[in-house]
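[1] No letters, just coordinates:
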């Protein structure tokens, strides 16, 4: 599975121009492209490829080669792939990982060898807090962000009784912790099904009995699709509101969930209807290139390339000077599809979170309609523990 | 009311588990073949049903089309490949059928892409029906229970009352003897494998509207199915049925009540950590207990019977206990 694609086009273009002294920018993209967890990874890759294409293959104005590799959703394999990208291909920047467990295995490889790791999805608390590193940047969010926003939303809506559902693994516990950080009402019950559980009849029966005002579920990928379909079929009263985050309700799940997702409230930092020039350009370009609407994963991949682009320009194209590149990244002022964007002292974004509701667009497709701002200029809870400024 | 609903949930889960495990136990018990690709047949059943329903516009046509397709597919797979594996040792079988998982998964990705397929339940069954008092239950899950019971009865009748069924039972307890008696084992095996594929495909197709139809969906259910097969006794349909009920009920009821029950006796912090962990372990604890007491499983053909003499099947000389009765694997 050593699938590596290179952008030869950019190299050829630049040979033609023969720019004197132009240093090559090498970006490693490692993401999950095979197996049952590959849907987000494919969107990530497509978002990245679109951004590189829109920059005519020259990120930061430099000749660029992008190396795409599959982490196989396997931390051991991911570490090896990262070593190949960092040591053999000598990428200056590594990006693209979807899952936290993969990131925790692979990011150290880049950091220990002086490369930059720019996370375009997973944001484990370790790297936002005590383990933070001057070479580690985030263009996405710290993992708790959307859950905190959901907790704030439930609090703002004045829901009195809420049930939480998350898989029984570290990120699931982080999700409920994040939610409870901002929700002050009564948490009636916390359900922790096994990671990968497919049938939620038991949990749904309990919800029917408990009659909460709202259910907050963090069930990534197929789990969330199954839960929503089964919940709708169970005929539970409309008085209970379904609330989730972009991890369960976004373009990557709508095709499979169908109408079951209609009306689900969820939190996120960007949606296909986010109203600014770069977002409109991204959505239109993505639809034209791939014939579908982009998920937030694709938007983050796109943003990662745009962030590198701005930083390389700010560093005067000096891609082989890690110090200059890091400084430029931390002061990054690029135009994100989410609108305003800035990094905190721990190099994780300080950003707005919104609540969206799943709606049908004029063409009959499902999309997230942005409802309102929930958290403004939100920074994560771990930054204080970050000592490496 | 909650307990009625949880019992129905457990029953529905058990019956689907039985549909899936029935083929696995027959193939394992009679052909002595460890078929890891059984989960892929479940996935293919779901994909076939989703694709055929989308193509024909009719849920019924999609379901029966998928069933037929899976039977033909199973027969073809047996003739082309599986047949060659019977004489090999288990390691070779595991390697070959594991390779099949990879091939099927990648083929599905090439044909349908990585995105899960949309597949909705028929409109007539998409609501819920009143059961008792103010309890409402999903009409589709109720239909699954009915289908599960009908298929289980059909299979029981076939195995217990027909000639083919007699060969199947005989094959499970002593394969060589059946061959010596002049049964065409080659075609019997093809038929059994096709039947197992059709049942597995039916489980996949029937559950698909409640699940996301995606690559790798068969692997999760495969492990539980092996638990059912081992607990029930390899090769025994009746064992698979009882074990599926046990496993399904223990899993559902464990998830339903264990965390709450623990919360009453332990501090809430410990209970919230321990409850979900214990609930997901409960099935395996059940397996350990059963295997400790009956190492061959509850109803292994050829092993000492659990059933009192007067309750045993009549007219089945091949099931009579023999001193040479040995169990496959």
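    Happy to help now that I have it. Treat the numbers as computed from the prediction; the structure is a model and nothing was measured. Numbers count the residues shown, from 1 in each chain, chains lettered A, B, ... in the order given.
[2] Show me the shaky parts of the chain.
    No chain was given, so I picked chain A. Counting by pLDDT under 70, the low-confidence segments of chain A come to A:1-21, A:389.
[3] nope, chain B
    Low-confidence segments of chain B, defined by pLDDT under 70, are located at B:302-329.
[4] any chance you could map the helices in it?
    Counting by DSSP state H, the segments of chain B that form helices are B:2-30, B:38-56, B:59-80, B:90-112, B:139-161, B:163-173, B:175-180, B:185-207, B:217-232, B:237-265, B:268-293.
[5] My guess is residue A:221 contacts residue A:256. True?
    No: between residue A:221 and residue A:256 there is no contact under CB atoms under 8 Å: 9.7 Å. (Glycine included, C-beta is placed from N, CA and C.)
[6] quick one on the thing from earlier: how about the helices of chain B, which one is nearest residue A:284?
    Each of the helices of chain B has some distance to residue A:284 by CB to CB; the shortest is helix B:90-112, at 26.7 Å.
[7] what comes up buried for that closest one?
    Neighbour counts over helix B:90-112 (16 or more other CB atoms under 10 Å in any protein chain shown) mark B:93, B:96-97, B:100-101, B:104-105, B:108-109, B:112 as buried.
[8] one step back: and for residue A:221 and residue A:256, which residues touch both?
    Where contact means CB atoms under 8 Å, 6 or more residues apart in numbering or on different chains, the residues bridging residue A:221 and residue A:256 through contact with each are residue B:212.
[9] And those two? Which one has more around it.
    The residue with more neighbours, out of residue A:221 and residue A:256, is residue A:256; 26 against 21, by other CB atoms under 10 Å in any protein chain shown.
[10] on that earlier part again, as a markdown table, the helices of chain B with distance to chain A would be great.
    A markdown table is the format used below for the helices of chain B (distance: least, CB to the nearest CB, whole Å):
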| stretch | distance to chain A |
| --- | --- |
| helix B:2-30 | 4 |
| helix B:38-56 | 10 |
| helix B:59-80 | 14 |
| helix B:90-112 | 8 |
| helix B:139-161 | 5 |
| helix B:163-173 | 30 |
| helix B:175-180 | 35 |
| helix B:185-207 | 8 |
| helix B:217-232 | 6 |
| helix B:237-265 | 5 |
| helix B:268-293 | 4 |
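[11] These: which one's closest to residue A:367?
    Distances from residue A:367 to each of these were compared using CB to CB; the shortest belongs to helix B:38-56, at 21.8 Å.
[12] ok now the closest one, how far from the chain's centre?
    Here the centre of mass of C-alpha atoms in helix B:38-56, compared against the chain's by CA atoms, centre = their mean, to the nearest Å, lies 16 Å away.
[13] for stretch A:357-366, same thing?
    On the basis of CA atoms, centre = their mean, stretch A:357-366 is displaced by 22 Å from the centre of the chain it belongs to.
[14] Now do the buried residues in it.
    In stretch A:357-366, counting by 16+ other CB under 10 Å, buried: A:358-359, A:366.
[15] Skip ahead from the longest helix seen in chain A and say which helix or strand is next.
    In chain A, ranked by residue count with DSSP H as the criterion, the top helix is helix A:296-314. Of the helices and strands lying after helix A:296-314 in sequence (DSSP states H and E), the nearest is helix A:322-330.
[16] Beyond that following helix, next helix or strand please.
    strand A:342-343.
[17] helices or strands up against that next one?
    Under the contact definition 3 or more CB pairs under 8 Å, 6 or more residues apart in numbering or on different chains; DSSP states H and E, strand A:342-343 sits against strand A:349-360.
[18] Relative to chain B, which of the buried residues of stretch A:357-366 is nearest.
    Lowest distance from chain B to these (CB to the nearest CB) belongs to residue A:366, with 10.7 Å.
[19] Check the gap between residue A:270 and residue A:122 for me.
    With distances taken as CB to CB, to the nearest Å, residue A:270 is found 17 Å from residue A:122.
[20] more crowded one of the two?
    When neighbours are counted by other CB under 10 Å, residue A:270 comes out ahead of the other of residue A:270 and residue A:122, with 28 against 21.
[21] For residue B:82, see how far away the residue of chain B positioned farthest from its centre is.
    In chain B, counting by CA atoms, centre = their mean, residue B:267 sits farthest out from the average C-alpha position, at 38.3 Å. The span separating residue B:267 from residue B:82 equals 53 Å under the rule CB to CB.
[22] quick one: residue A:261 and residue A:366 touch, right?
    Yes: checked against CB under 8 Å, the pair residue A:261 and residue A:366 is within contact range at 6.2 Å.
[23] out of the helices of chain B, which comes closest to residue A:298?
    Ranking the helices of chain B by distance to residue A:298, with CB to CB as the measure, places helix B:90-112 first at 18.7 Å.
[24] Can you spell out which helices and strands pack onto the closest one?
    Taking 3+ CB pairs under 8 Å, 6+ apart as contact, the helices and strands that helix B:90-112 lies on are helix B:38-56.
[25] and the angle for the helix it packs on with helix B:217-232?
    Between helix B:38-56 and helix B:217-232, the angle formed by their directions is 130 degrees, by axes from the mean of the first three to the mean of the last three CA atoms, to 10 degrees.
[26] How is the residue of the stretch 1-150 of chain A found nearest chain B assigned, secondary-structure-wise?
    Proximity to chain B, evaluated over the stretch 1-150 of chain A using CB to the nearest CB, is greatest for residue A:36 at 3.0 Å. In three-state terms, and counting by DSSP: H, G, I helix; E, B strand; the rest coil, residue A:36 is coil.
[27] number of nearby residues for the closest residue to it other than its chain neighbours?
    Take residue A:36 and drop its neighbours on the chain: the residue closest to it by CB to CB, 6 or more residues apart in numbering or on different chains is residue B:216, 3.0 Å away. When neighbours are defined as other CB under 10 Å, residue B:216 has 21 of them.
[28] Does whichever strand or helix holds residue A:149 pack against any helices or strands, and if so which?
    The secondary structure element spanning residue A:149 is helix A:145-156 (assigned by DSSP H and E). With contacts defined as 3+ CB pairs under 8 Å, 6+ apart, the secondary structure elements packing on helix A:145-156 are helix A:170-182, strand A:214-217, strand A:241-245, strand A:265-268, strand A:349-360, strand A:366-378.
[29] can you list the residues of chain A near chain B?
    Proximity of chain A to chain B (CB under 8 Å from any CB of the partner chain) is limited to residues A:34-36, A:38-39, A:42, A:168, A:190-194, A:196, A:198-199, A:201-203, A:205-206, A:208-209, A:221-222, A:225-226, A:229-230, A:232-235, A:252-253, A:255-259.
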